[in-house]
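# Quick one: sequence plus predicted model below, questions after.
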Amino acid sequence: MNELATIPELLPERIEAIEAKLLGLEQMNCPVTHHFGGGICIREVTLPAGMLAIGHHHKTAHMNFMVRGRATFLLPNGATEEYVAPRVSLWPPGRKIAIIHEDMIWQNIFPTTETDPVKLENELLEKSDSFLNDQRQRGAIEHFQREVDRQDFHKAIAELHFSEIEVRRISEDESDLIPFPQVEQPVVVSPSPIEGQGLFATRNFEIGDAIAPARFLNQRTPAGRFTNHSATPNARMVDTGDMVFLMAVRPISGYRGGQPGEEITVDYRESAKISMNKEELCQP
């Protein structure tokens, strides 16, 4: 049965109104991974069966590869078609809308030398007013909740005998900053409601999962540079000798319905225990 055919109001000009209603509902987990190499980016998303997926507006035509699954798509001409993996397709600029019948892995393939997922999304995607308004509302709620974290940060650095000026100087000194050892990481650096930039999950993590390396051969990765402090952290730093990595201490959610996942946070009091000097303290 073609479920899209039973939704006659699902027309291109009404997609944003439908999107606005759907954003008010519980969102499903949609892990996202970016693969880079050879002048291309493969943006891979996993979509669970039973969901109605409405993608962001793509500014350019691009190739797609359906790795796994089965779904019915609303095509640009208003018709519907069932896609079954494996399948390669070229899509024009615009939005993809689909009912997912079987768990699906979908890859967008873009020619680019950019390796920052946030910059890449800003370059290639146009997000609707409904989506941006929803993000602002969520951000306002998180901003209020994170005030506790900011207050605890000041307590933590006082206990560690640092001044805020010292911490900011150490954090913003990028002389020891290196990229992640592997380009594909299940995290992304994005604006944080706690402070500046933060580290966010793009997929789910369970207790004890390794999230990302924070230090490698005595140099900081983006995880070491941008992981913020929290009074109730969801991760901690683990020292293995030549590497310090982030480990989840409680379940952490990744992308849901196109929204960024949870911010990865640690308690700086604990992180300082494995630091050899002030230069290893992370950003507030």
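Sure, I can see it.
# Mind listing what's buried along the host helix or strand of Ile15?
Assigned by DSSP states H and E, Ile15 belongs to helix 15-22. Under the neighbour-count criterion of 16 or more other Cβ atoms under 10 Å, helix 15-22 has Ile15, Ile18, Glu19, Leu22 buried. Quick note: C-beta positions are derived from backbone N, CA and C, even for glycine.
# out of those residues, who's nearest Ala61?
Nearest to Ala61 among the buried residues of helix 15-22 is Ile15, at 18.8 Å by Cβ to Cβ.
# Next, count neighbours for Ala211.
Careful, residue 211 is Ile and not Ala. Neighbour count of Ile211, defined by other Cβ atoms under 10 Å: 22.
# which residues sit in contact with it?
Pro186, Val187, Ala201, Phe205, Ala223, Ala235, Phe245, Leu246, Met247, Ala248, Ile252, Ile264 (Cβ atoms under 8 Å, 6 or more residues apart in numbering).
# Kindly reformat the buried residues of helix 15-22 as a markdown table containing distance to Phe73 and pLDDT.
Conversion of the buried residues of helix 15-22 to a markdown table gives the following (distance: Cβ to Cβ, whole Å; pLDDT from 0 to 100):
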| residue | distance to Phe73 | pLDDT |
| --- | --- | --- |
| Ile15 | 13 | 80 |
| Ile18 | 15 | 81 |
| Glu19 | 16 | 84 |
| Leu22 | 17 | 82 |
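# would a markdown table of those with distance to Met104 be doable?
Formatted as a markdown table, the buried residues of helix 15-22 follow (distance: Cβ to Cβ, whole Å):
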| residue | distance to Met104 |
| --- | --- |
| Ile15 | 19 |
| Ile18 | 20 |
| Glu19 | 19 |
| Leu22 | 18 |
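# Pick out the most distant pair among those.
Greatest spatial distance among the buried residues of helix 15-22 (Cβ to Cβ): Ile15 and Leu22, at 10.2 Å.
# Find residues that contact each of these two.
Common neighbours of Ile15 and Leu22, counting by Cβ under 8 Å, 6+ apart, are Ile54.
# Next, the residue lying closest to Val249 once chain neighbours are set aside: secondary structure please.
With Cβ to Cβ, 6 or more residues apart in numbering as the criterion, Val249 has its nearest non-adjacent residue at 5.5 Å, and that residue is Arg236. What DSSP: H, G, I helix; E, B strand; the rest coil gives for Arg236 is strand.
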